[in-house]
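Participant: Just need the structure, nothing else, for what follows:
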Amino acid sequence: MWLMLQKVAWATISVLAVILVFVAFVPKIKQYHDLQKVEQQKSAGVRTDQETLDHLKWQQGKLRTDASFVERVAREEHGLTKPNELVFKFVDDDPASNAPPRRK
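Facilitator: This is a model prediction of the structure:
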């Protein structure tokens, strides 16, 4: 009888130990997965920032060495013109406003 009671006690202790380990580590595993997601998001942000930085460095080099690039940027991005130059801007009309008036 004592031997049987001892086996049941060890089995119960073992089951409780497994449950305790499970309860102790499940939140940590969830936290680990959450941190992995955050790391992936941050890595994506770093890659995007690196691409932006590479583009800006390329643009900076072009601005220092290529006069036609400087002129294009000045015209397209900043709206600058040469002296005595006229610029005509055409605004597309709304197609509905081009329709003839309706008769009643």
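Participant: Find the centremost residue of the chain, please.
Facilitator: The geometric centre of the chain, computed from its C-alpha atoms, lies nearest to residue 45 (C-alpha atoms, centre = their mean), at 5.2 Å.
Participant: Quick one: residues contacting residue 16.
Facilitator: Taking C-beta atoms under 8 Å, 6 or more residues apart in numbering as the definition of contact, residue 16 has no neighbours. From N, CA and C alone the C-beta is placed, and that goes for glycine too.
Participant: Please renumber the chain so that the first residue is 15 from this point on.
Facilitator: Renumbered: residue one is now 15, and that last one reads residue 30.
Participant: For burial, what's the neighbour tally of residue 55?
Facilitator: The tally of other residues near residue 55 (other C-beta atoms under 10 Å) stands at 10.
Participant: actually residue 90, sorry about that
Facilitator: By the measure other C-beta under 10 Å, the count of residues near residue 90 is 9.
Participant: repeat for residue 83
Facilitator: Residue 83 has 14 neighbouring residues, counting by other C-beta under 10 Å.
Participant: Only C-alpha atoms, please: export whatever helix or strand it lives in in PDB.
Facilitator: Assigned by DSSP states H and E, residue 83 falls within helix 81-92. What follows is helix 81-92 as a C-alpha-only set of coordinates in PDB (Å, rounded to 0.1, in the frame of the first residue of the first chain):
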ATOM      1  CA  ALA A  81      24.700  70.500 -64.100                       C
ATOM      2  CA  SER A  82      21.800  69.200 -66.200                       C
ATOM      3  CA  PHE A  83      20.500  67.200 -63.100                       C
ATOM      4  CA  VAL A  84      20.700  70.400 -61.000                       C
ATOM      5  CA  GLU A  85      18.700  72.300 -63.600                       C
ATOM      6  CA  ARG A  86      16.100  69.500 -63.900                       C
ATOM      7  CA  VAL A  87      15.700  69.400 -60.100                       C
ATOM      8  CA  ALA A  88      15.500  73.200 -59.900                       C
ATOM      9  CA  ARG A  89      12.800  73.300 -62.600                       C
ATOM     10  CA  GLU A  90      10.700  70.300 -61.600                       C
ATOM     11  CA  GLU A  91      10.900  70.300 -57.800                       C
ATOM     12  CA  HIS A  92      11.300  74.000 -57.100                       C
END
